[in-house]
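K.L.:
this is a predicted model, with the sequence first.
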Amino acid sequence: MCRADVSLEVCHSCILNGTEFAIQADCDQVEGTYFAELCIFRYSNHSMYRLWENTVGVSDYIEANVSNYQQFNLTLTSTLEDVINEGSRLGFATHEADVSGEETIYSMALCTPDIVGVNCSRCLRSARSILRDGAPAGFATLNKCYLRYDNVSFYDIGGPNVNTGVGLRSSNLLFVVFSVVFLIVYNFLVLL
């Protein structure tokens with residue numbers, strides 16, 4: 001799954017890197033997840049479709065002070081609530097909020113296409129619960145969702161799928177899935 005603001009080419013490259021990583025690092029594992037900034041690549045020997053798991057994949061934050069801790073946290077709470085609400089409905093959302101005349105919080109929420117709605121909201125709220133307040137940047141990636149905020153812009157609001165709010169769908173998703181399956185099968189046959 002790729003972020004909705006990245007191009008198909010960038011997504012394809014990220015998924016290829018995830019495939020190569022999976023083959024090299026976990027060649028005898030039946031399940032694994034590759035987390036990158038632009039994509040999440042997950043594989044398993046059982047169906048993952050519509051299965052919502054509250055499992056933390058990766059979470060981190062930047063340890064630095066913000067100029068006005070109390071105002072920053074109030075704005076952060078409101079901003080993350082907005083991006084979670086919109087992201088839950090659409091599967092993808094970005095939001096910007098002004099903390100002061102000189103500082104802005106940029107946020108992004110993304111869910112896999114099979115959990116848009118209530119389960120997406122649950123996943124994003126679980127991700128929110130592990131983020132640290134007061135840090136100028138942080139992110140949490142669970143198996144089915146991604147939540148990030150930063151005081152520096154990290155997404156392309158003019159990206160290929162941002163305005164639709166649905167991320168990679170139909171033919172683009174099919175192309176990426178086909179490419180990944182092909183690479184896995186090809187590399188499996190080479191290893192034999």
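P.N.:
On my side now, so go ahead.

K.L.:
which neighbours does the particular helix or strand that has Gly32 in it have in its sheet, and in what orientation?
P.N.:
Taking DSSP states H and E as the definition, Gly32 sits inside strand 31-35. Strand 31-35 sits in its sheet next to strand 40-44 (antiparallel), going by DSSP bridges.

K.L.:
what are the buried residues along the strand it pairs with?
P.N.:
40-43 (16 or more other C-beta atoms under 10 Å). Any C-beta I mention is one placed from the backbone N, CA and C, and that applies to glycine too.

K.L.:
lowest-confidence helix or strand of this protein?
P.N.:
Ranked by mean pLDDT, DSSP states H and E, the helix or strand of the chain with the weakest confidence is helix 170-191, at a mean of 45.

K.L.:
quick revisit: buried sites along the strand holding Gly32?
P.N.:
Under 16+ other C-beta under 10 Å, the buried positions of strand 31-35 are 33-34.

K.L.:
picking up where we left off before, find the pair from the buried residues of strand 40-44 with maximum spatial separation.
P.N.:
Longest distance between any two of the buried residues of strand 40-44 is 11.0 Å, between Ile40 and Tyr43; criterion C-beta to C-beta.

K.L.:
touching both of those two, which residues are there?
P.N.:
Contact with both Ile40 and Tyr43 is made by residues Thr33, according to C-beta atoms under 8 Å, 6 or more residues apart in numbering.

K.L.:
tell me the angle the helix or strand hosting Tyr146 makes with strand 40-44.
P.N.:
According to DSSP H and E, Tyr146 maps onto strand 145-150. Going by axes from the mean of the first three to the mean of the last three C-alpha atoms, to 10 degrees, strand 145-150 is angled at 160 degrees with respect to strand 40-44.

K.L.:
neighbouring strands of strand 145-150 in the sheet, and parallel or not?
P.N.:
By DSSP bridges, strand 145-150 pairs with strand 103-111 (antiparallel), strand 137-142 (antiparallel).

K.L.:
redo the ones you listed as TSV? Include mean neighbour count, mean pLDDT and distance to Ala36.
P.N.:
Listed next are those as TSV, based on neighbours: other C-beta atoms under 10 Å; pLDDT from 0 to 100; distance: least, C-beta to C-beta, whole Å:
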stretch	mean neighbour count	mean pLDDT	distance to Ala36
strand 103-111	23	93	13
strand 137-142	22	89	10
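
K.L.:
nearest to Asn119, of those?
P.N.:
strand 103-111 (7.9 Å).

K.L.:
so which bits of the following helix or strand past that closest one are buried?
P.N.:
As assigned by DSSP H and E, the chain's next helix or strand after strand 103-111 is helix 118-129. Buried residues in helix 118-129, defined by neighbour count with 16+ other C-beta under 10 Å: 119-128.
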